[in-house]
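1. here is a sequence with its predicted model. Questions after.
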Amino acid sequence: MPTLTIVVGTMYGGALDVAEQVKPLFEQAGYTVEISEQPTVEDVTQGSDLSLFCVSTTGSGDFPGNFVPFVRSLKDQSPSLTKLRYGLIALGDSSYGDTFCGAGRALDELLQDLGARRLGERLEIDAMETFMADDAALPWVEEWIDDQQLKVA
Ligand SMILES: Cc1cc2nc3c(=O)[nH]c(=O)nc-3n(C[C@H](O)[C@H](O)[C@H](O)COP(=O)(O)O)c2cc1C
């Protein structure tokens with residue numbers, strides 16, 4: 001079975017909750033799913049070639065604490081990510097204005113700079129509009145699996 005890694009960046013657990021809620025959808029689609037709560041560069045270089053990032057924003061457009069070492073290592077090591085295909089779910093709050101989903105957007109740019117290929121559009125979940133992030137994430141993942149023809153079982 002192919003493996004899908006869900007890479008989580010969270011302060012208060014919302015992004016982790018999204019990861020846990022969408023996990024069964026990928027299992028039904030034929031994947032072994034790993035959730036990485038303390039991501040490392042190896043998750044994206046040695047693990048599966050398909051990843052889903054679930055990342056919230058803190059501070060003023062900043063990465064959550066558990067995600068900071070991962071981003072720092074990516075910047076320091078500049079690994080080639082040309083084999084990596086990924087999806088991205090960014091959690092944020094539009095009341096923060098310009099820094100809305102800043103971490104997710106910055107991550108997206110960094111991954112593409114390193115050669116990774118995003119499949120489909122980035123999902124941005126706005127806490128001002130969506131009380132439970134899962135309500136937006138679950139249908140998006142179902143569509144993502146269909147549109148990108150990710151089903152293997
Ligand atoms: C102190 C603090 C700072 C935040 N800063 C931003 C921000 O700059 N941009 C943004 O889009 N959302 C910001 N948010 C909103 C969070 O990203 C949003 O509530 C998200 O759903 C939290 O997800 P989590 O539970 O995975 O940490 C901030 C929230 C807090 C509490």
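-> Thanks, I have the structure now. Numbering: from 1, shown residues only.
2. tell me, what residue is most central in the protein?
-> residue 53 (1.0 Å; CA atoms, centre = their mean).
3. quick one: what helix or strand has that one in it?
-> Element membership of residue 53 [criterion: DSSP states H and E] is strand 50-56.
4. can you map out the strands along the protein?
-> 3-9, 32-36, 50-56, 85-92, 117-118, 123-126 (DSSP state E).
5. now tabulate those in a markdown table and tack on mean pLDDT and distance to residue 43.
-> All C-beta atoms are positioned from the backbone trio N, CA, C, and that covers glycine. Below are the strands of the chain laid out as a markdown table (pLDDT from 0 to 100; distance: least, CB to CB, whole Å):
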| stretch | mean pLDDT | distance to residue 43 |
| --- | --- | --- |
| strand 3-9 | 97 | 5 |
| strand 32-36 | 96 | 5 |
| strand 50-56 | 97 | 7 |
| strand 85-92 | 98 | 11 |
| strand 117-118 | 98 | 16 |
| strand 123-126 | 98 | 20 |
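6. could I get these as TSV with distance to the ligand?
-> Below are the strands of the chain laid out as TSV (distance: least, CB to the nearest ligand atom, whole Å):
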stretch	distance to the ligand
strand 3-9	7
strand 32-36	13
strand 50-56	3
strand 85-92	2
strand 117-118	19
strand 123-126	7
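7. and those, which is most packed in?
-> strand 50-56 (a mean of 26; mean count of other CB atoms under 10 Å).
8. contact partners of that one?
-> 2-12, 14-16, 18-19, 22, 26, 31, 43-44, 63-64, 67, 84-92, 103-104, 107, 111, 137, 141, 150 (CB atoms under 8 Å, 6 or more residues apart in numbering).
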